[in-house]
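*Asks:* sequence first, predicted coordinates after that:
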Amino acid sequence: MEKVNLEQKLSLFSEHWSPKIVGELNGQHVKLAKLKGEFIWHKHDHEDELFFVIKGSFKMEYRDRTVVINENEFLIVPKGVEHRPVAEEEVSIMLFEPASTLNTGDAESELTKHILDRI
């Protein structure tokens, strides 16, 4: 039952596309990540994902449109929807998703993280 300081946790890592677990509740992981560049196209067949922007902004690309998410905004990507995050500049985000969620969903790549660090 300790509070979490997001700025302090974000200072502990610099790598992009490597989510870190900072909390758990009701089978969900609360994760922090830094994004820069283009991720891969993927979807999650069984999980919704919530992306909350702490600092910066990024684009969530869908096959038929693009949504810009700015600081203090969040976006929920429903399960089964193919998407790709793109960040021209570094952005810090918080993710809420089931503990079983693999960062690259149905697409295996060099960006896939099977085991996440807890910070």
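*Replies:* Structure received.

*Asks:* tell me what L50 is bridged to.
*Replies:* Counting by DSSP bridges, L50 forms beta bridges with I76, F96.

*Asks:* just the pLDDT at the residue nearest to E82 when sequence neighbours are not counted, thanks.
*Replies:* Once flanking residues are discounted, E82 sits nearest to K43: 4.5 Å by Cβ to Cβ, 6 or more residues apart in numbering. (Each C-beta comes from the backbone N, C-alpha and C, glycine too.) Among the per-residue scores, K43 holds a pLDDT of 94.

*Asks:* K43 against R84, yeah?
*Replies:* No - the pair K43 / R84 is not scored as a contact, 10.0 Å apart, by Cβ atoms under 8 Å.

*Asks:* low-confidence stretches in this protein?
*Replies:* For the chain, the stretches flagged by pLDDT under 70 are 102, 104.

*Asks:* which one is the most centrally placed residue in it nearest to, not counting chain neighbours?
*Replies:* The C-alpha lying nearest the average C-alpha coordinate of the chain belongs to L95 (Cα atoms, centre = their mean; 4.7 Å). Leaving out its chain neighbours, the residue that sits closest to L95 by Cβ to Cβ, 6+ apart is K31, at 4.2 Å.
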